[in-house]
Structure formats: C-alpha cells, structure tokens
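J.: Based on what follows, work out the 3D shape:
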Amino acid sequence: MAYDVSKMADWQIADAAEEHMPTPEEWRKKLGLQKDELLAYGKVAKLDFLKIMDRLKDKPDGKYIEVTAVTPTPLGEGKTTTTMGIIEGLGKQGENVGGCIRQPSGGPTMNVKGTAAGGGNAILIPHSEFSMGLTGDINDIMNAHNLAMVALTARMQHERNYDDAQLDKLSHMRRLDIDPTRVEMGWVIDFCAQSLRNIIIGIGGRMEGFLMQSKFGIAVSSELMAMLSIVKDLADLRERMNNVTVAYDKKGKPVTMGDLEVAGAATAWMRNTINPTLCCTAEYQPCMVHAGPFANIAVGQSSIIADRLGLKMFDYHVTESGFAADIGFEKFWNVKCRYSGLKPNVSVLVASIRSLKMHGGGPRVVPGVALPDAYKKPNLELVEKGCANMLHHINTIRTAGINPVVCINSFPSDTKEEVAIVRKAAEKAGARCAVSTHFANGGAGAGELADAVKEACNEKNNFQFLYPKELKLRDRVAKIAKTVYGADGVSWSPEAEAKAKAFEADPKFDDFATMMVKTHLSLTHDPTIKGTPKGWTLPIRDVLIYSGAKFLCPMAGTISLMPGTGSQPAFRKVDVDVTTGKVKGLHEVD
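T.: I've put the predicted structure just below:
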C-alpha cells in the first residue's frame, strides 16, 4: 500500500512500513540463501558475498541498471528516491529485482541535506538504522583510518625522543625520518565539523605526542572508504592497505601504512565491511547498502562487490552513482566498470522540473531556505531553456554507447505542460522518457518507468570506454573536459603540470584510475555557473594521489574534505520517542 505523503513525513512512512518488514530469517528463505550466507545484525543482516558468489558463480548475470541525474540543485533531484522507485516498480510487476545504494554519512544526515534514504513511498528501510550507522561499516573505516594516524604520530614522537640505537633496542624500529610538514592523511570523524579542518596536535611534553599542524576530514572522504568501493575481496583490500600513503619522509619518499606496520591491524578493523548489508524498500524488495565514498573526489559509487552479488541474485540489479552524469556516471563508466569488468544494460537519467528551471535561468536555490515562487508556479520558458542541461547529459551517456531512459521525477507542483516540454526534448534526442510518481505512489507510480527500463535492458547497446587505459593522464583529462563537461580545453597550473608529467613518466602509475575532482553543482569548475555553458576552459590546479586506491585526482577548483554544518541543520528536528525508543524527525529538512 502507498502512504499519504501529504500527511506523513518520510520517517513516519518508514516507521509504518517497518512494522511488516521481513526478518533476516524471512529474507534468507525469500532469497534462497543458505544458513551461513546471511549474518544477522538486529533488524538487518549482512550478506557473505564470498560464499554466495562461490555458490552462484556459474549463474548468468541479471540486467545491470545504473541511475544518474542532470546537474542538481543543492537540494538534489531524487536519484535515491528514483532508485527505490525503479526497484518498487519492477517488483510491482513481479520481477526478481534488487539493488544497492551507498551508506549515508552522519555528516549530511545531521546537516542541511538530511539522510539519503530516498523519500515518500520510495524510501529505504529500516530508516533510522540506515541513517545512523547501520552495521558499523563507517565506524570500522574511521577506526582503521585513525589507527594509521595513531601509528604515524606515535612513530614521530619515538623518533624524536630516541636515537637509532635506542629505537632498535626498544622495538627493532628503523628510522622513517618523517617530514612533519608533509603529512598527507589527517584524522576523520563522521560529522560536518568545520572547526576541525585545521588543528594543532601534540601540545604538551615529550611523551604527549608530536607538536604539529593537523586536520580532520569527514569519514566518507577517507581513502579507505574509496578502497572499499572498488576492491574485489578481503585479500585485495589487505594488499591495497599496505600502499596507502600516510606521509612523506624528508627525502620525499612516501611513508605508507605498510611502512608503519599498521596495515594488517587496519584491515582487521575493516574485515566485516566487505560484506554488504541487506535492507529493503518500503514495499519489501531487497536493496543492499555498501560503501559510501565521496563522489567529487573519489569514485562516488556503491561497491563493485555489491554489484557483482546483485547481478547473481537478481534478474534486475539497480545501482546508483553519486551526483550528476558528468561526475557519477563518468566515474561509473570509466573507472568502476573498467575495474569490475561489468557492462551496464541501461542508464536512467533523473531530471526534475525544479532542476531544469534552475538551469533555464531560475533564481538561486539555497538549502534551508524556502524555494522561490518560480519553482512552485508554472514557467514554461525556464523549463524549455533548462532542457539543454538534460540534453548535454543524454549525449554524455550516449557517448558511452548507451541510450538512456530519462525519468521525470514528478513533484506535485509540476504541470502537464512543463512535463510535456521535457518529454518532447528527451524523445527528440532519441532517449526513452517516463514520468514517475514513485514518491507519492510507490511502485504503482513507477509503472511507466519500469516498462521503459525493461525495454531498454532488452535493447543491445554498444558500451565502450571514453578512453583506452594506455592514454596518458593529461590526455585523459582533456578528453573528459571536452566530451563530458563541454569545455574548450584544459589549463594546468605549473605545479599540477609538473606532477602530471612525473606521473606520466613513471610506469607504476599506468594502471591508476583518473578520478576527476570538481564541483557537482555545475558542468564547470564554478558551482555558480548553471545551464550548459560554452566557451570556457577547465583549470587544473593540483593532482592528488591515492596510492592504496590507485587514484590520480586532478583537481579543478577547491573541494573541502570536511564540510561545514549550516545554520539550519537537520539535527534540530531529530529526537527520540522515549516510550518506544523510535527515532523521529530524520530526513525532515525544509
């Protein structure tokens, strides 16, 4: 049944749906799993992917469906809601369907954005558990990451306090000679805490640490989270952990977690994170939750592990990419699929009338501030002008050899005339288009979308990467900038170009992925520029290296790894019912 979204908040709909949510044992029977393939964690369970994959290794893969979006407003345009809607719509038609989404960070959940569970009748449950830690993957990643910093700062203290003979006598340590001005890692916490962006640590005596500048990032920005999304198994994670660069020595050589002898212990903290967590939609179709890396500095996808698992377990497996097609889909296309060897059957491009009005010249959208009237009242001119942004993303997806399905994520304020403009533009570009009311009506409102997705899945595509892996870094960046962003070219700062040339000259970086770092709020590097701008150049100011994840990250603009908490944070509305213990107010953001 669909709940009345005009009378019930998301968390209330989730609470009502959870009253009949299958138990882990019921899920085991429903999905045909063996007893040792499902590990119960209260209301939810983890899936032992190695055991399931081994049993199903000869089973043909199901259809692979990716969900992306047009360039969003700061409020988002409903990718997760649409992901839930597709699963519910296909489930309503009796299909064996499931999916996977990223685990939300506590930072956005308690800040302006709210949790990332979808919304209305297209929401993931159990809602509170999903939004607040779930089975502890982010906590395990925090512990593993911060343990590396503990190892580093303790080592720096000991090397300052003791000479080489004393170090060898005490613990057979060799001097790493770490440069305190070149510590790459910082600490992580799973909240938006701007006051921790730049800190001083080690204040006190000789036995109380090493005095130096340090920093905090948000937990999901950790390289270890990025690694979880791309590894194939625990052995792969353990090998990559050795290579994570924590700092540099005074000669410029990397000091890794392997050098600090902390990689094994960090992997031990993360040993349970490799198994996806099984949750479900409000209509009780299965949906996994696994990994949650940044999309504008890392890969921004749920895990390869979960996709491999879902394609064996389901006839239709739905996965979601972070942000718009210029970021999330580009990384899904050229990084995730290259690593996994999997090829998508279709990509669903989510568009909202609200976002297209913004790209057509509508007033600024500010989180925490009421939407201007232009977004609540009909304005055909703004919609028509804004369709150029949608068409740009359609062309990007078609460059990958996929004909997308455009999903118009319907809001109550949308008019038939506005929707007709979008449908006409999408279909003229050769894409399928479907209007979906999954937010208000659940699976019953996603029938047209489910039909379009199935049709597209049965249509052969010509999936191909944007560039061969042999292409050098600067050529890759130029290809992405021109083809995906619409730039005329790329300008490199002297520092960035010097780094790029060094990476290109060293064969050990040949298999590193190119992970673009850019704002998600614009096709350009400037978040204030909307629409589909022409005649601009993409500036690259630096290139970061994630040596464990094997990412080279060209940076266009400034991306903070520690967001700030806004003046209208979501935590002001979150509370607990002390008689039932249930959380209320989650996701209820103005």
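
J.: Low-confidence stretches in the protein?
T.: 588-590 (pLDDT under 70).

J.: hmm, what's the outermost residue in it?
T.: Distance from the centre of the chain peaks at A165, with 47.4 Å (Cα atoms, centre = their mean).

J.: Mind listing what's buried along the helix or strand harbouring that residue?
T.: For A165, the element it lies in under DSSP states H and E is helix 164-171. Within helix 164-171, the residues scored as buried using 16 or more other Cβ atoms under 10 Å are L167. For every residue, glycine as well, the C-beta is placed using N, CA and C.

J.: mind saving the C-alpha coords of the following helix or strand past it as PDB?
T.: Sequence-wise, the next helix or strand downstream of helix 164-171 (DSSP H and E) is strand 178-183. Taking Å, rounded to 0.1, in the frame of the first residue of the first chain, the C-alpha atoms of strand 178-183 are listed here in PDB:
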ATOM      1  CA  ILE A 178      59.000  11.500   8.600                       C
ATOM      2  CA  ASP A 179      58.700  15.100   7.400                       C
ATOM      3  CA  PRO A 180      56.100  16.800   9.800                       C
ATOM      4  CA  THR A 181      55.300  19.400   7.000                       C
ATOM      5  CA  ARG A 182      54.300  16.600   4.600                       C
ATOM      6  CA  VAL A 183      51.700  14.500   6.500                       C
END
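
J.: Who does the helix or strand just after strand 178-183 pair with, and is each partner parallel or antiparallel?
T.: Downstream of strand 178-183, the next assigned helix or strand under DSSP H and E is strand 187-189. Each strand paired with strand 187-189, and its direction, by DSSP bridges: strand 216-218 (parallel).

J.: How about residues contacting the partner strand?
T.: Outside of strand 216-218, the residues within contact range by Cβ atoms under 8 Å, 6 or more residues apart in numbering are 105, 107, 186-193, 196-197, 199, 561-563.

J.: measure the closest residue to F216 other than its chain neighbours to E208 for me?
T.: In this structure, F216 finds its nearest non-sequential neighbour in L196, 3.6 Å apart by Cβ to Cβ, 6 or more residues apart in numbering. Remark: distance between L196 and E208 (Cβ to Cβ, to the nearest Å) = 19 Å.

J.: measure the closest residue to Y3 other than its chain neighbours to G328 for me?
T.: With sequence-adjacent residues excluded and distances taken as Cβ to Cβ, 6+ apart, Y3 is closest to I13, at 4.6 Å. Distance from I13 to G328, counting by Cβ to Cβ: 26 Å.

J.: okay but I101 is in contact with A116, surely?
T.: Yes: judged on Cβ atoms under 8 Å, I101 makes contact with A116 at a distance of 7.4 Å.

J.: Tell me which of the two has more neighbours.
T.: The residue with more neighbours, out of I101 and A116, is I101; 29 against 25, by other Cβ atoms under 10 Å.

J.: what sits against that one?
T.: I101 neighbours (Cβ under 8 Å, 6+ apart): 80, 83, 116, 124, 287-289, 302, 319-320.

J.: F503 too?
T.: Counted by Cβ under 8 Å, 6+ apart, F503 has contacts 473, 509, 512, 543, 545, 552.

J.: among the residues you listed, who's most crowded?
T.: V543 (24 neighbours).

J.: State whether that residue is indeed within a strand.
T.: Yes: counting by DSSP: H, G, I helix; E, B strand; the rest coil, V543 is part of a strand.

J.: Now it. Nearest residue, chain neighbours left out?
T.: Nearest to V543 is K499, by Cβ to Cβ, 6+ apart, at 4.4 Å.

J.: that older thread, out of the contacts of I101, flag the one nearest to M8.
T.: L124 (16.1 Å; Cβ to Cβ).

J.: Which phi and psi values does that closest one adopt?
T.: phi -90, psi 140 (degrees, to the nearest 10).

J.: what comes up buried for the helix or strand harbouring A452?
T.: If you go by DSSP H and E, A452 is part of helix 447-457. Residues of helix 447-457 classed as buried: 447-454, 456-457 (neighbour count, 16+ other Cβ under 10 Å).

J.: Adding distance to S221, write the residues you listed out as a markdown table.
T.: Formatted as a markdown table, the buried residues of helix 447-457 follow (distance: Cβ to Cβ, whole Å):
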| residue | distance to S221 |
| --- | --- |
| G447 | 39 |
| E448 | 38 |
| L449 | 33 |
| A450 | 35 |
| D451 | 39 |
| A452 | 35 |
| V453 | 32 |
| K454 | 37 |
| A456 | 34 |
| C457 | 34 |
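
J.: Out of these, flag the one nearest to K29.
T.: For these, the nearest to K29 is A450 (25.5 Å; Cβ to Cβ).

J.: contacting residues for the residue farthest from the centre of the chain?
T.: A165 neighbours (Cβ under 8 Å, 6+ apart): none.

J.: Which parts of the stretch 251-400 of the chain are strands?
T.: Listed in chain order, the strands found in the stretch 251-400 of the chain under DSSP state E, counting those that start in this stretch are 254-256, 277-281, 286-289, 316-320, 346-351.

J.: Identify the residues contacting the shortest one?
T.: It refers to strand 254-256. Strand 254-256 is contacted from outside by 152, 176, 178, 242-249, 263, 547, using Cβ under 8 Å, 6+ apart.

J.: Among those residues, which lie within helices?
T.: Among the contacts of strand 254-256, the subset assigned to helices under DSSP state H consists of 152, 242, 263.

J.: Which of the residues you listed sits closest to Y3?
T.: A263 (47.6 Å).

J.: pretty sure that closest one contacts V246?
T.: No: look at A263 against V246 with Cβ under 8 Å: they stay out of range, at 10.2 Å.

J.: anything in contact with each of the two?
T.: 256-257.

J.: and the residue lying closest to G445 once chain neighbours are set aside, how many residues sit next to it?
T.: What sits nearest to G445 in space, not counting adjacent residues and going by Cβ to Cβ, 6+ apart, is T437, at 3.4 Å. T437 is flanked by 25 other residues according to other Cβ under 10 Å.

J.: So T437 is in contact with G447, correct?
T.: No: counting by Cβ under 8 Å, T437 stays clear of G447, with 9.6 Å between them.

J.: for the stretch 351-500 of the chain, what spans make up the helices?
T.: 353-359, 380-399, 416-428, 438-441, 447-457, 473-480, 494-505 (DSSP state H, counting those that start in this stretch).

J.: Return the residues in contact with the most centrally placed residue in the chain.
T.: In the chain, the centroid-proximal residue (Cα atoms, centre = their mean) is G300; its distance is 3.1 Å. If you count contacts by Cβ under 8 Å, 6+ apart, G300 has them with 102, 293-294, 321-323, 327-328, 331.

J.: If we use 10 Å, what do you get?
T.: 102, 220, 226, 229, 291-294, 320-323, 327-332, 335-336, 515, 520 (Cβ atoms under 10 Å, 6 or more residues apart in numbering).

J.: Leaving out sequence neighbours, find the closest residue to it.
T.: Nearest to G300 is G322, by Cβ to Cβ, 6+ apart, at 3.2 Å.

J.: what does R338 give?
T.: Closest to R338 by Cβ to Cβ, 6+ apart is F465, at 6.3 Å.
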